[in-house]
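>>> this one's sequence-less:
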């Protein structure tokens with residue numbers, strides 16, 4: 001039963017048409033039958049055009065009065081647009097109703113080739129020695145129902161159709177544009193922060209840990225000044241290690257308020273040789289950032305620890321105020337990147353579903369494109 005009854009009249013693409021013919025056609029792919037419907041629209045002054053419907057997906061189709069240019073076996077060019085081969089099969093007419101420009105018979109077959117460039121499709125049909133070409137455009141069922149004043153709603157589309165435009169395309173362009181703008185702003189903020197950050201060294205000193213000593217190893221440093229504004233403070237450590245480790249328990253203490261920030265840092269460095277050659281593990285350097293430290297007079301309480309069997313270990317401590325912290329910008333960049341990755345993944349998944357129904361799964365086209373690029377480079 002035709003979804004658009006024969007005799008229906010409507011204004012489609014600004015032209016009055018009447019539905020004069022309907023046929024059901026099918027193909028067999030790997031033993032499975034797939035069927036679709038075609039409707040013939042007629043205007044005595046403008047001629048014929050067709051509507052095709054498959055699982056709720058509609059195409060508006062016009063015959064071509066010229067021959068598309070075949071670039072390769074899997075590509076054709078029509079009006080300057082490249083189309084990729086989607087599927088070839090033998091289509092068989094299963095049911096006919098109404099009138100057509102030719103005498104359609106149940107059981108007649110045609111070899112059909114479809115080439116897509118969403119939302120368009122170019123198709124060739126060969127019957128005996130005659131080949132005809134047509135071009136279709138994916139259209140909304142709701143627009144057709146409105147044009148022909150049909151009751152109810154059109155059937156909901158099922159799956160992804162060959163030339164169905166990706167709903168993610170518009171979103172992808174918008175999201176990627178927004179992503180680029182915000183990344184640019186983030187970069188400007190990073191540059192401005194780096195320029196404005198003083199990066200001033202407020203304190204530096206070298207100390208020696210004697211692990212075997214029985215005396216108290218913890219101590220406090222002289223008082224130093226952290227001036228300027230509330231800012232991040234970087235605490236750098238360096239230890240002269242050779243197959244050794246040292247643990248430094250720091251407390252940055254405000255002399256006036258008693259407020260303290262505690263951090264523990266471990267440095268270790270090991271090296272040697274094995275069957276694969278020389279190797280190293282760990283680092284002699286360490287850095288940690290303490291955020292939002294107000295200006296004032298400060299000192300460090302340092303409690304060093306190490307293995308009692310180790311010899312004396314020299315280590316250096318530096319305090320640098322008002323540093324630019326890259327970590328926060330990396331977190332912000334990651335937050336901006338997530339929507340872009342999601343849209344790209346959705347777009348790829350949509351295309352994968354589209355080409356899964358074709359003679360060329362998506363992976364084969366990607367391989368083919370890379371092979372073609374390599375061939376052109378060789379030429």
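The structure has been received and is ready for your questions. A quick note: this is a predicted structure, and the numbers were derived from the prediction, not measured.
>>> now do the strands in the stretch 201-350 of the chain.
Along the stretch 201-350 of the chain, the stretches classed as strands by DSSP state E, counting those that start in this stretch are 219-220, 224-226, 231-239, 244-254, 260-274, 277-283, 285-293, 296-305, 313-321.
>>> just checking: what are the partner strands of the longest one?
By that I understand strand 260-274. Paired strands of strand 260-274, with direction, are strand 244-254 (antiparallel), strand 277-283 (antiparallel) (DSSP bridges).
>>> contacts for the first one?
For strand 244-254, the surrounding residues in contact (C-beta atoms under 8 Å, 6 or more residues apart in numbering) are 209, 233, 235, 237, 239, 259-269, 282, 290, 293-294, 296-307, 310, 313, 315, 317, 319. From N, CA and C alone the C-beta is placed, and that goes for glycine too.
>>> in it, which residues are buried?
For strand 244-254, a neighbour-count test (16 or more other C-beta atoms under 10 Å) marks 244-246, 248, 250-254 as buried.
>>> buried residues in stretch 15-31, which are they?
Residues 17, 19-25, 27 are the ones in stretch 15-31 that count as buried (16+ other C-beta under 10 Å).
>>> looking at the residues you listed, which one is closest to residue 147?
Nearest to residue 147 among these is residue 17, at 8.6 Å by C-beta to C-beta.
>>> so which elements touch the helix or strand where that closest one lies?
The secondary structure element spanning residue 17 is strand 15-29 (assigned by DSSP states H and E). Under the contact criterion of 3 or more C-beta pairs under 8 Å, 6 or more residues apart in numbering; DSSP states H and E, the helices and strands touching strand 15-29 comprise strand 9-12, strand 32-43, strand 81-98.
>>> what's the most distant pair in the buried residues of stretch 15-31?
Within the buried residues of stretch 15-31, 17 and 27 form the most distant pair, 27.0 Å apart (C-beta to C-beta).
>>> so which bits of the longest helix seen in the chain are buried?
For the chain, the helix with the greatest residue count under DSSP state H is helix 326-356. If you call a residue buried by 16+ other C-beta under 10 Å, then helix 326-356 has these buried ones: 329, 332-333, 336, 340, 343, 347, 350-351, 354-355.
>>> where does pLDDT dip in the protein?
Regions of the chain meeting the criterion pLDDT under 70 cover residues 72, 170, 198, 362-379.
>>> how deep is the residue lying closest to residue 17 once chain neighbours are set aside tucked in, by neighbour count?
Spatially, and ignoring its direct neighbours in sequence, residue 17 is nearest to residue 41 (3.9 Å; C-beta to C-beta, 6 or more residues apart in numbering). Using other C-beta atoms under 10 Å, the number of residues around residue 41 comes to 26.
>>> which residues does residue 41 form beta bridges with?
So, taking DSSP bridges as the rule, residue 41 has residue 19, residue 49 as bridge partners.
>>> give the contact list for it.
Neighbour list for residue 41: 12, 17-20, 48-51 [criterion: C-beta under 8 Å, 6+ apart].
>>> same check on residue 200?
Contacts for residue 200 (C-beta under 8 Å, 6+ apart) come out as 227-228, 320-322.
>>> report the separation between it and residue 323.
Relative to residue 323, residue 200 is positioned 9 Å away (criterion: C-beta to C-beta, to the nearest Å).
>>> partners of the spatially closest residue to residue 323 that is not a sequence neighbour in the sheet?
Distance criterion C-beta to C-beta, 6+ apart; nearest residue to residue 323, sequence neighbours excluded, is residue 234 at 4.5 Å. Applying DSSP bridges to residue 234 yields these beta-bridge partners: residue 289, residue 320.
>>> residue 234 touches residue 291, doesn't it?
No - under the contact definition of C-beta atoms under 8 Å, residue 234 does not touch residue 291, with a separation of 10.4 Å.
>>> those two: which is more packed in?
The residue with more neighbours, out of residue 234 and residue 291, is residue 234; 20 against 12, by other C-beta under 10 Å.
>>> which SS class is residue 60?
strand (DSSP: H, G, I helix; E, B strand; the rest coil).
>>> quick one: residues contacting the residue nearest to residue 300 when sequence neighbours are not counted.
By the measure of C-beta to C-beta, 6+ apart, the closest residue to residue 300 outside its immediate chain neighbours is residue 221, 4.4 Å from it. With contacts taken as C-beta under 8 Å, 6+ apart, residue 221 has the following neighbours: 203, 205, 299-302, 317.
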